[in-house]
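Participant: Sequence plus the predicted model coming up.
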Amino acid sequence: MATGTMAPPETSEVNALNSRFHRTALQIFLVIVLAHWAEHVVQAIQIYVLGWPLPEARGVLGIPFPWLVTSEWMHYGYALIMLVGFLLLRPGFTGSSRMWWNITLLIQVWHHFEHLILLMQALIGTNLAGREVPTSLVQLLVPRVELHLLYNALVTLPMIVAMVLHSRPARGVATRCSCAPGW
């Protein structure tokens, strides 16, 4: 593998994950991503459709577990898991599906960076631009609820495109996994 690429080390576990277990791993990963995105969609519905005040609009899991919404560690951990997942599952993609997976990966790199900024502020106790709460760079322009709904859409949509293209490889495109044909 060329140096400087964003690829995990080629181990037997990574090879298995990107060959015989690729389909199952992608399906599990997709469920995790869609569940997280659904939390952001529910929170937006609570705010803009149901008219809930922002502190009460916590998605589905945030209602019984309010600390989930305010825990920068939890948000950072999820962003890190997503980044690792995109890196680990990347070798199984080829052709145009690989391009779309790379787009998703790059967006998640930025999303992870934004969560790292939020976590560092929470740990240090000093917030960006003198704000009352930890604030990401783009959050200086876009409110947090809308921004994270957007980030999750920007990660999820090209990921789904990559997975659909991956499940239907073009003629002559070699695949190393058992994902095709269909899901």
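Facilitator: Nice, thanks for sending it over.
Participant: use CA for all of it now, contacts and neighbours both
Facilitator: Noted.
Participant: Longest helix of this structure, counting residues only.
Facilitator: Assignment by DSSP state H gives helix 95-124 as the longest helix of the chain.
Participant: Work out the gap between the helix or strand that that one is followed by and the centre of the chain.
Facilitator: Per DSSP states H and E, the first helix or strand lying C-terminal to helix 95-124 is helix 144-167. From the chain centre to the centre of helix 144-167 is a distance of 7 Å (CA atoms, centre = their mean, to the nearest Å).
Participant: Which strands or helices does helix 144-167 pack on?
Facilitator: Packing partners of helix 144-167 (3 or more CA pairs under 8 Å, 6 or more residues apart in numbering; DSSP states H and E): helix 22-48, helix 95-124.
Participant: Of those helices, which stretch is the most buried?
Facilitator: helix 95-124 (a mean of 19; mean count of other CA atoms under 10 Å).
Participant: Just the angle for that one relative to helix 144-167, thanks.
Facilitator: 150 degrees (axes from the mean of the first three to the mean of the last three CA atoms, to 10 degrees).
Participant: what's helix 95-124 packed up against?
Facilitator: With 3+ CA pairs under 8 Å, 6+ apart as the test, helix 95-124 has helix 72-89, helix 144-167 packed against it.
Participant: now the angle from that helix to helix 72-89?
Facilitator: Going by the same axes, to 10 degrees, helix 95-124 makes 160 degrees with helix 72-89.
Participant: By mean pLDDT, show me the worst of the helices and strands packed on helix 144-167.
Facilitator: Set side by side, these give their lowest mean pLDDT on helix 22-48, at a mean of 93.
Participant: roughly how far apart are Val138 and Ala153?
Facilitator: Note on Val138: its distance to Ala153, by CA to CA, to the nearest Å, is 15 Å.
Participant: again, but for Ile28
Facilitator: 18 Å.
Participant: try Gly77
Facilitator: Applying CA to CA to Gly77 and Ala153 gives a distance of 19 Å.
Participant: possible to save the helices and strands packed on helix 144-167 as JSON lines with distance to His166?
Facilitator: Shown next, in JSON lines, are these (distance: least, CA to CA, whole Å):
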{"stretch": "helix 22-48", "distance to His166": "10"}
{"stretch": "helix 95-124", "distance to His166": "5"}
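Participant: Tell me which of these sits nearest to Pro66.
Facilitator: Evaluated with CA to CA, these place helix 22-48 nearest to Pro66, the distance being 12.5 Å.
Participant: Quick check: next helix or strand after that closest one?
Facilitator: Downstream of helix 22-48 (by DSSP H and E), the next one is helix 67-70.
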